[in-house]
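>>> Quick one, fold the following:
(chains A and B)
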Number of protein chains: 2
Amino acid sequence: MSKVAKANAVVGQSGGPTGVINASLVGVIEEAKKHPEIKKLYGAIHAVSGIVKEQFIDLKKLSPAVLKAAAASPSSALGSSRDKPDEAYCARILEVFKERDIRYFFYIGGNDSANTAYIINTMAEKSGYEMRAFHIPKTIDNDLLVTDHCPGYGTAAKFVSCALIGDDIDNRALPGIKVDCIMGRNAGFLTAASVLGKKRDDDGPHLVYVPERGVTLDKFLNDVEDVYKKLGRCTVAISEGICDLEGVLWTKKIAEVNEKDAHGNIQLSGTGMLADFLADQIRAILKIKRVRADTFGYLQRSFAGLQSPVDVKEARQCGVAAVKYAMKEISGSVAIKRLSGAKYKIELFRTDLKNVAEKTKSMPDEFINSDGNGVTDAFLKYALPLTGGLPKTEYLGNRPRV
Amino acid sequence: MSKVAKANAVVGQSGGPTGVINASLVGVIEEAKKHPEIKKLYGAIHAVSGIVKEQFIDLKKLSPAVLKAAAASPSSALGSSRDKPDEAYCARILEVFKERDIRYFFYIGGNDSANTAYIINTMAEKSGYEMRAFHIPKTIDNDLLVTDHCPGYGTAAKFVSCALIGDDIDNRALPGIKVDCIMGRNAGFLTAASVLGKKRDDDGPHLVYVPERGVTLDKFLNDVEDVYKKLGRCTVAISEGICDLEGVLWTKKIAEVNEKDAHGNIQLSGTGMLADFLADQIRAILKIKRVRADTFGYLQRSFAGLQSPVDVKEARQCGVAAVKYAMKEISGSVAIKRLSGAKYKIELFRTDLKNVAEKTKSMPDEFINSDGNGVTDAFLKYALPLTGGLPKTEYLGNRPRV
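Reported below is the predicted structural model:
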């Protein structure tokens, strides 16, 4: 629109919650309060589904204490939705916007949410309804395009790092093979974060498998055996989205084998299937006795009280920036640019919604080692600033004997 | 022995690691340094197995910085062992003690470790070898007799609380049924800790099942359906050790059904089996679409950087007390007594090894509600002081609509 309209605004949170998606929400609220152009700031309960059902709360009325507590809470404080609005759904959203004089739409989410904002924005343009739609990035998978990294990733990465720091030292105490299955269907960033707390040369995880590199069962077992022969133990971090060399998901392959062998098997779709399968294979083929497997599940995105301070700060800044951009520019998505220099520093910028909508980013080749079973120093340099400080541990069992 | 001998000492850590078992170790080291009666303080690498293999390190030589880092580390810094020494094994231990002039034995562990200390102590008495054996309690299960609670429990309880605080608010954002399976084969204390972060009336977990109360699948499904009808969602915390009304483990029953239905099923012993089975039953019988399940696994005992301050303090005190008692009393086990009064306060005391050896404690009836699907205020009063402060969260979705 040509000049900034005095109108109402709405903000929603979509898709899988993260540990800092509420910090972005609070950023939007606090910045919106500073702009008289934004009359009411509606919070859409359960994202787009709350818009079409007109389930709104008044966000400018929340007390500072509530905002502070919300910013520190995991999950989406407004509620979320998995709806992927089609044209008709978006048309209904636009109707509500028109009825309620909403001309600012802030949508915190992943690439689907960017797409929703894009469709609505395009639709509004076509119908001559002046509005601005802003996408604010969030995802624990870190798989959005354009932005250097996504708010939500640093906090999930911190959880995964702390889990592996502890789990690997647990595996020192009672040696064996430990397989940890980590979220990330298409991108390996979160699985890769399992290495961020490593300090000693022989710290685990010793092997890391990400969806970006196909791996065969033979290769996996050989890798495990090699580490086991060397260290007498092995900790493995594996992404839920790993594939074979033809790009077929292991989870799909296992489910098919399972179905063939075991008609009516009640375990087919189990969350722990991949890790348990690999543990069974290690026991059966490598004849190693102590093999354990865990699947981290929802704790990776929802664990309370464990935010990355830098992630919280950036998530909030992204919320603030969306409102600022909406006051003076066209619609868009907020993105993070990492500045060059020894010290970690970022700045935010606006990019077009279509650059982020629907597409996903994979880990670049330079982050994955040539064996396809670990990460590189380039990845460490990229990811370490995002988690904040990680706990240090001490293990005494390797000291000289007396 | 009649008077305190000037001799060497050994300390070991046995069984499953905890988040504060190293704080107890550091307590032993620091107190031992104060007593000239203790010449060398050996650390046994991998517990009893390190004693019989004579794999020792010199603990008095560790720097304060190392001790500080160790006390903050999860897992057993000396390494652990699952060995349950029989008479012959204990005889070999006693031989090593005699060879090395070890007359003080500190063993940090659960009821099996108390039993090991008891056997060795009895054997030493019979053979006229003067020594003192002290058991220092640790377990995340909180299932030791005599002591009010066990070091290790508070930290694991904090992990489970934080997990459920986050997971339940995640379930608000994307409503459905969530089943969380928590460690504890015989005692429900850790599963019960899932409720400690509840603040709002409708916070989950809404249902809690512990091994101390048998539950049928029908009862479980009815309970879930009742909560779902009322709240449109339901978070369930279930112990890995739940049984049917005849006391048969559900995991055993499921494995049998599985075996019958699906010869050669590769999933039989999967860690996620129980939670996944229950999720499948909820989908199939209650026809609820969004059902998710997680099994927390080793993270409950090993997550780095998440200790309960009170648990750390008490674990350390137990280590200190063991050395002090050994200087002036007979052998024994350190136990915690909770003092009466409004403010949480404890004192330590010595109990005989045989009082703790082998036996386990269950949750008392007064901690479990009459429906067998939740806990009582008496449990909250018991457990809340043990975790330290828990994170508070904010959910906005229930506020008045505009």
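>>> contacts for the strand or helix carrying A:Ala378?
Assigned by DSSP states H and E, A:Ala378 belongs to helix A:377-387. Helix A:377-387 is contacted by residues A:149, A:153-155, A:157-158, A:161, A:189, A:192-193, A:195-196, A:308, A:310-311, A:344, A:363, A:366-368 when judged by Cβ atoms under 8 Å, 6 or more residues apart in numbering or on different chains. Placement of C-beta: from N, CA and C, glycine included.
>>> What of stretch A:226-233?
Residues contacting stretch A:226-233 (Cβ under 8 Å, 6+ apart): A:171-172, A:175-178, A:202, A:204, A:206-207, A:234, A:286, A:288.
>>> A:Ala357: which of these is nearest?
A:Leu207 (35.2 Å; Cβ to Cβ).
>>> Helix or strand with the lowest mean pLDDT in chain A?
Of all the helices and strands that make up chain A, helix A:250-261 has the lowest average by mean pLDDT, DSSP states H and E, namely a mean of 75.
>>> next helix or strand past that helix?
helix A:273-286.
>>> what's the angle from the following helix or strand past that following helix to helix B:273-286?
Per DSSP H and E, the first helix or strand lying C-terminal to helix A:273-286 is strand A:291-295. Relative orientation of strand A:291-295 versus helix B:273-286 (axes from the mean of the first three to the mean of the last three Cα atoms, to 10 degrees): 40 degrees.
>>> Tell me the helices and strands packed up against the following helix or strand past strand A:291-295.
With elements assigned by DSSP H and E, the helix or strand that comes after strand A:291-295 is helix A:299-302. With contacts taken as 3 or more Cβ pairs under 8 Å, 6 or more residues apart in numbering or on different chains; DSSP states H and E, helix A:299-302 sits against helix A:153-173, helix B:153-173.
>>> send the alpha carbons of helix A:299-302 over as PDB?
Output in PDB follows, covering the C-alpha atoms of helix A:299-302 (Å, rounded to 0.1, in the frame of the first residue of the first chain):
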ATOM      1  CA  LEU A 299      11.200 -33.000  24.200                       C
ATOM      2  CA  GLN A 300      13.500 -31.600  21.500                       C
ATOM      3  CA  ARG A 301      11.000 -28.800  20.700                       C
ATOM      4  CA  SER A 302       9.100 -28.400  24.000                       C
END
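>>> And the contacts of that helix?
So helix A:299-302 is in contact with A:16-19, A:74-75, A:140, A:152, A:156, A:159-160, A:182-183, A:190, B:163, B:166-167, B:169-170, B:294, B:296, B:299, going by Cβ under 8 Å, 6+ apart.
>>> follow-up on the earlier one: want to throw the contacts of stretch A:226-233 into CSV with neighbour count, distance to chain B and pLDDT?
Listed next are the contacts of stretch A:226-233 as CSV, based on neighbours: other Cβ atoms under 10 Å in any protein chain shown; distance: Cβ to the nearest Cβ, whole Å; pLDDT from 0 to 100:
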residue, neighbour count, distance to chain B, pLDDT
A:Asn171, 26, 8, 98
A:Arg172, 27, 7, 98
A:Pro175, 17, 8, 97
A:Gly176, 16, 10, 98
A:Ile177, 25, 13, 98
A:Lys178, 29, 7, 98
A:Asp202, 15, 14, 97
A:Gly204, 27, 12, 98
A:His206, 26, 16, 98
A:Leu207, 22, 17, 98
A:Cys234, 28, 15, 98
A:Leu286, 16, 16, 98
A:Ile288, 17, 15, 97
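>>> Pull out the buried residues from stretch A:298-311.
A:298-308, A:310-311 (16 or more other Cβ atoms under 10 Å in any protein chain shown).
>>> Chain B contacts on the stretch 301-402 of chain A?
For the stretch 301-402 of chain A, the residues in contact with chain B (Cβ under 8 Å from any Cβ of the partner chain) are A:301-306, A:390-397, A:399-402.
>>> so where is chain A shaky, pLDDT-wise?
A:1-4, A:258-270 (pLDDT under 70).
>>> check whether the helix or strand hosting A:Gly43 contacts chain B.
Using DSSP H and E, A:Gly43 sits in strand A:38-44. Yes - if you take Cβ under 8 Å from any Cβ as the test, strand A:38-44 does meet chain B, through A:Lys40, A:Tyr42, A:Gly43.
>>> burial count for A:Ala335?
Residues lying near A:Ala335 (other Cβ atoms under 10 Å in any protein chain shown) number 24.
>>> typed the wrong thing, it's A:Asn398
11.
>>> Now it. Its backbone dihedrals?
phi -90, psi 0 (degrees, to the nearest 10).
>>> what sits against it?
Taking Cβ under 8 Å, 6+ apart as the definition, A:Asn398 has no contacts.
>>> 10 Å - rerun?
A:Arg172, A:Arg200, A:Asp202, B:Ile45, B:Ile57, B:Gly79 (Cβ atoms under 10 Å, 6 or more residues apart in numbering or on different chains).
>>> Now the two most distant members of these.
So, the contacts of A:Asn398 by Cβ to Cβ: farthest apart are A:Asp202 and B:Ile57, at 17.1 Å.
>>> Name the nearest residue to the residue positioned nearest the centre of chain A, sequence neighbours excluded.
Central residue of chain A (Cα atoms, centre = their mean): A:Ile140, 0.9 Å from the mean position. Counting by Cβ to Cβ, 6 or more residues apart in numbering or on different chains, A:Ala156 is the residue found nearest to A:Ile140 once chain neighbours are left out, at 3.6 Å.
>>> What is the neighbour count of the one you found?
Neighbour tally, A:Ala156, other Cβ under 10 Å: 35.
>>> next one: A:Lys219
17.
>>> Next, the angle strand A:291-295 makes with the helix or strand hosting it.
Element membership for A:Lys219 (DSSP H and E) is helix A:217-231. Between the axes of helix A:217-231 and strand A:291-295, defined by the same axes, to 10 degrees, the angle is 120 degrees.
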